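[1] could you work out the structure for the sequence below:
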Amino acid sequence: METFAQGMLSGIGHPLLGFDHLFFVLAVGLGALFTGNARFAIGAYIVAMLAGCLMMSFGIGLPLKEIVIGASLLVVGGILVSGRGLTLPVAVALFAAFGLFHGSAFGDSIAGQEAAIGGSVLIGYLIGLGVLQYAMAMATGWAAKTIFGATEAGAMNARLAGAVVAGMGLFLSLENAEGIAFAALGLA
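    A predicted model of the protein is given here:
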């Protein structure tokens, strides 16, 4: 990649290709719907995710990213399954904390390479990444409320969506545990 536009297109495409990140963004949009200020709750995730990505592009990575990402799906999915809404401060803290790790993972796979190519490519990537994820999360909340009638956290549609997210988190967590076990046994 050599241009701002190429970086932006990469940022737009990246979260669509990783189901762990895609499911988390959708869960953030759904969980934020019931906080009373979805825009702010989603914005907290986006800002933290971009900060984690930018940190990684400068070589400051977070440990155990994949384990925390699996846990993020389990936790947020579990909260949605419970039918209990989050208060805004709790949602902001939770989404931002997990956002740092999701961002660091994005940085691992692409932003570090783009930073070496040029600043305009990295800026394009970050803009594409942030705008797409914000739009996806907001659209998820809108669809849940408008199309599926989920007006409260206990709505069955919201709880079923949470079960899907938690199931993806369980799958990823088991996959991570398997990798750790195999490495410990010298089989990796």
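[2] for whatever helix or strand residue 143 lives in, packing partners?
    Under the criterion of DSSP states H and E, residue 143 resides in helix 119-146. Contacts defined by 3 or more Cβ pairs under 8 Å, 6 or more residues apart in numbering; DSSP states H and E place helix 119-146 against helix 4-17, helix 19-33, helix 38-57, helix 112-117, helix 156-184. In short, each C-beta sits where N, CA and C put it, glycine included.
[3] residue 85 in helix, strand or coil?
    coil (DSSP: H, G, I helix; E, B strand; the rest coil).
[4] thought residue 150 was touching it, still the case?
    No. Counting by Cβ atoms under 8 Å, residue 85 stays clear of residue 150, with 10.9 Å between them.
[5] anything in contact with each of those two?
    Both residue 85 and residue 150 lack any common contact, where contact means Cβ atoms under 8 Å, 6 or more residues apart in numbering.
[6] need the helices and strands packed on helix 119-146 in a markdown table (columns: distance to residue 129).
    Formatted as a markdown table, the entries for the helices and strands packed on helix 119-146 read as follows, by distance: least, Cβ to Cβ, whole Å:
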| stretch | distance to residue 129 |
| --- | --- |
| helix 4-17 | 4 |
| helix 19-33 | 10 |
| helix 38-57 | 7 |
| helix 112-117 | 11 |
| helix 156-184 | 20 |
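[7] so which of those is nearest residue 137?
    Among the helices and strands packed on helix 119-146, the nearest to residue 137 by Cβ to Cβ is helix 19-33 (3.4 Å).
[8] which of the residues in that closest one are buried?
    Across helix 19-33, burial judged by 16 or more other Cβ atoms under 10 Å covers 20-21, 23-33.
[9] what's the separation between residue 79 and residue 86?
    Remark: distance between residue 79 and residue 86 (Cβ to Cβ, to the nearest Å) = 6 Å.
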